[in-house]
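In: Give me coordinates for this.
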Amino acid sequence: MSSENSIKKWYSENFKEFHKLNNDGAFDDLRKNAFEGFNDSKFPTKKDEEWKYTNVYNIFNEQFIPSPLKQRENNIENISEYLIPGLDVHLIVLVDGIFNDELSKIGNLQNGVIIDSFYNQSKVNKEFLLQYISKKETVENSFDYLNKTFTYDGFVIYLPKNQIAEKPIHILNISTDGKEKNLIQPRNLIVAEENSQAKIITEYISTSELEYFTNIITEIYIDENANVSFYKLQSESKKAYHIDKTEIIQKEQSVFNHFSLSFGSRIARNDINTKLDGENIELHLYGLYLGNEEQHIDHHTFIDHAHPNCESNELYKGILDDKATGVFSGKIYVNKIAQKTNAFQSNKSILLSDEATINAKPQLEIYADDVKCSHGATVGKLDEKAYYYIRSRGVPAESARSMLIRAFVDDVISQCNIQSLREKINHTIFENLHREEF
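Out: Below you'll find the predicted structure:
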């Protein structure tokens, strides 16, 4: 039996057990359809254009156990070390992909606002979820089908018309030690209705260097005049695998800021797909990826300019050391009716080692003639002239390198308008690079 057939048989057996525990009407039908899609699909290989730089063979060669089927023990009592110092938030905590009511701290909410787990909402607000999940048309692959097959928990954020979240929302995803290799599959939904505002931080961490697989789908709907900032920090185990697909739809005059900060995992793949479905929309995608040892970190972005008078800006930066590999593939698509489009894309990488590698593929596909669009990718090392100049001023070698790294990442981090989060990001950068913080 081939490894692909073997692993499909493994998940088929797991699905039978999962189905016994989660036979709940409409969601059950969606899971069954997804399971059929999973069995009919082919696993991505390097022969596929969208996966040519990322080998996921090892992910589909391991027998991961879906988290809801595991016997869970809550061995986490204190999460203070994982929180953002000095920041007052609504806190959702998911342990191994399952909502933890004891650790979560959700404050008083304005009328109609929902900050809850996906599982809870699937029981009390099913029709609302079914109205939105899988609404955006997308090309599905084996990872998507696998997530939808075992859809169980995650988070749901709903902001009614004119509501402003007065403090940030922090979703803390913690992976714990376990005897089995865990499959964690959050299903997340954010809906921001007209004139609403929010700052959302979602973070993925682990309590130790263990092997597991996190496979995420997040769907985000930004209505007219809404303004949302979404920060994702990924610092998982460097033995773990992390696959994340984020689907975004924006409506007229909305503003959306997306930050992808990828520091952990053995293999990390982030797909961010956005449709600008109206006029006068503003979109900003910021990314920062750090890799060392033999990490592989992949960002794929797709922006669909479907209407006129919209603006998108992408800025991704990477720092790679040792034998780490980075991938950036960004595509901007401008529809023939999308006149007056402004779209800018930039990816810059620094290699701290001769064995580190970056694969960059910036793309523009333009069918309108009255547009301003640009893309570019640069790769280099730390500026030697600047380094020796700083050293000539009596600055120690390690501090000089840290100063140059700080300067390189600053134009991404400075876009974060939560000061305590900026400080945490800076600390995490130097901690992951095993360098002195400056």
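In: Give me the secondary structure label for V56.
Out: Here V56 is recorded as coil under DSSP: H, G, I helix; E, B strand; the rest coil.
In: and it, what does it touch?
Out: By C-beta atoms under 8 Å, 6 or more residues apart in numbering, the residues touching V56 are F43, P44, Y241, I243, I267, R269. (Each C-beta comes from the backbone N, C-alpha and C, glycine too.)
In: which stretches of the stretch 301-438 of the chain form strands?
Out: Assigned strands in the stretch 301-438 of the chain, in chain order: 311-320, 325-334, 341-351, 357-366, 371-380 (criterion: DSSP state E, counting those that start in this stretch).
In: what would those strands look like in TSV with mean neighbour count?
Out: What follows is these, written out as TSV (neighbours: other C-beta atoms under 10 Å):
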stretch	mean neighbour count
strand 311-320	23
strand 325-334	23
strand 341-351	21
strand 357-366	17
strand 371-380	14
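In: Please identify which of those is closest to V409.
Out: strand 311-320 (6.1 Å; C-beta to C-beta).
In: Can you list the strands that the closest one pairs with?
Out: Strand 311-320 has the following strand partners under DSSP bridges: strand 282-291 (parallel), strand 341-351 (parallel).
In: Now that strand: average pLDDT?
Out: The predicted model assigns strand 311-320 a mean pLDDT of 98.
In: Start the count at 10 instead of 1 going forward.
Out: Okay, residue one is now 10; in that scheme the one you just asked about reads as strand 320-329.
In: re earlier: quick one: the strands paired with strand 320-329 as CSV, columns for mean pLDDT too.
Out: CSV is the format used below for the strands paired with strand 320-329 (pLDDT from 0 to 100):
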stretch, mean pLDDT
strand 291-300, 98
strand 350-360, 98
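In: now the ones you listed as TSV including distance to A235?
Out: As requested, these are exported to TSV (distance: least, C-beta to C-beta, whole Å):
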stretch	distance to A235
strand 291-300	11
strand 350-360	20
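In: Count residues in the vicinity of the closest residue to S263 other than its chain neighbours, would you?
Out: The spatial neighbour of S263 that comes closest, neighbours along the chain excluded (C-beta to C-beta, 6 or more residues apart in numbering), is I231 at 4.4 Å. Other residues within reach of I231 by the criterion other C-beta atoms under 10 Å amount to 29.
In: And the contacts of V65, which is closest to F159?
Out: Lowest distance from F159 to those (C-beta to C-beta) belongs to I252, with 13.4 Å.
In: just for the protein, where's the confidence low?
Out: Applying pLDDT under 70 to the predicted model, the residue ranges of the chain that meet it are 10-11, 32-35, 79-83, 146, 443-447.
In: before we move on, back to that, go through the strands of the stretch 310-447 of the chain and name the closest to N441.
Out: Here strand 320-329 is closest among the strands of the stretch 310-447 of the chain (C-beta to C-beta), at 9.2 Å.
In: CA atoms of that closest one as PDB?
Out: This file holds the C-alpha atoms of strand 320-329, laid out as PDB (Å, rounded to 0.1, in the frame of the first residue of the first chain):
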ATOM      1  CA  GLU A 320      -5.200  50.000  -2.600                       C
ATOM      2  CA  SER A 321      -3.100  47.100  -1.400                       C
ATOM      3  CA  ASN A 322       0.300  47.100   0.100                       C
ATOM      4  CA  GLU A 323       2.500  44.100   0.900                       C
ATOM      5  CA  LEU A 324       5.700  44.100   2.800                       C
ATOM      6  CA  TYR A 325       7.400  40.900   3.800                       C
ATOM      7  CA  LYS A 326      10.800  40.500   5.300                       C
ATOM      8  CA  GLY A 327      12.800  37.400   6.200                       C
ATOM      9  CA  ILE A 328      15.900  36.600   8.200                       C
ATOM     10  CA  LEU A 329      17.400  33.100   7.600                       C
END
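In: Measure how that strand sits relative to strand 334-343, angle-wise.
Out: Here strand 320-329 runs at an angle of 170 degrees relative to strand 334-343 (axes from the mean of the first three to the mean of the last three C-alpha atoms, to 10 degrees).
In: about what we covered before: between the strands paired with strand 320-329, which one is nearest to Q72?
Out: Here strand 291-300 is closest among the strands paired with strand 320-329 (C-beta to C-beta), at 26.8 Å.
In: Could you check the angle the closest one makes with strand 366-375?
Out: Strand 291-300 runs at 160 degrees relative to strand 366-375, counting by the same axes, to 10 degrees.
In: So which residues of the chain form helices?
Out: Along the chain, the segments classed as helices by DSSP state H run 12-30, 35-49, 127-133, 135-141, 151-158, 393-401, 406-422, 428-441.
In: if we can go back for a sec, F265 is nearest to which of the strands of the stretch 310-447 of the chain?
Out: With distances scored as C-beta to C-beta, the stretch of the strands of the stretch 310-447 of the chain nearest to F265 is strand 320-329 (9.8 Å).
In: what is the orientation angle of that closest one with strand 380-389?
Out: Computed by the same axes, to 10 degrees, the angle separating strand 320-329 from strand 380-389 equals 10 degrees.
In: hang on, the earlier thing: need the contact list for the residue nearest to S263.
Out: Each residue near I231 by C-beta under 8 Å, 6+ apart is listed here: A201, V237, I257, I258, Q259, K260, S263, F265.
In: Now tabulate the residues you listed in CSV and tack on distance to K188.
Out: Rendered in CSV, the data for the contacts of I231 read as follows (distance: C-beta to C-beta, whole Å):
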residue, distance to K188
A201, 40
V237, 39
I257, 37
I258, 41
Q259, 44
K260, 47
S263, 46
F265, 41
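In: Turn those into JSON lines, columns for neighbour count and distance to I210.
Out: Shown next, in JSON lines, are the contacts of I231 (neighbours: other C-beta atoms under 10 Å; distance: C-beta to C-beta, whole Å):
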{"residue": "A201", "neighbour count": "28", "distance to I210": "15"}
{"residue": "V237", "neighbour count": "25", "distance to I210": "12"}
{"residue": "I257", "neighbour count": "25", "distance to I210": "17"}
{"residue": "I258", "neighbour count": "22", "distance to I210": "21"}
{"residue": "Q259", "neighbour count": "27", "distance to I210": "20"}
{"residue": "K260", "neighbour count": "21", "distance to I210": "23"}
{"residue": "S263", "neighbour count": "27", "distance to I210": "20"}
{"residue": "F265", "neighbour count": "23", "distance to I210": "15"}
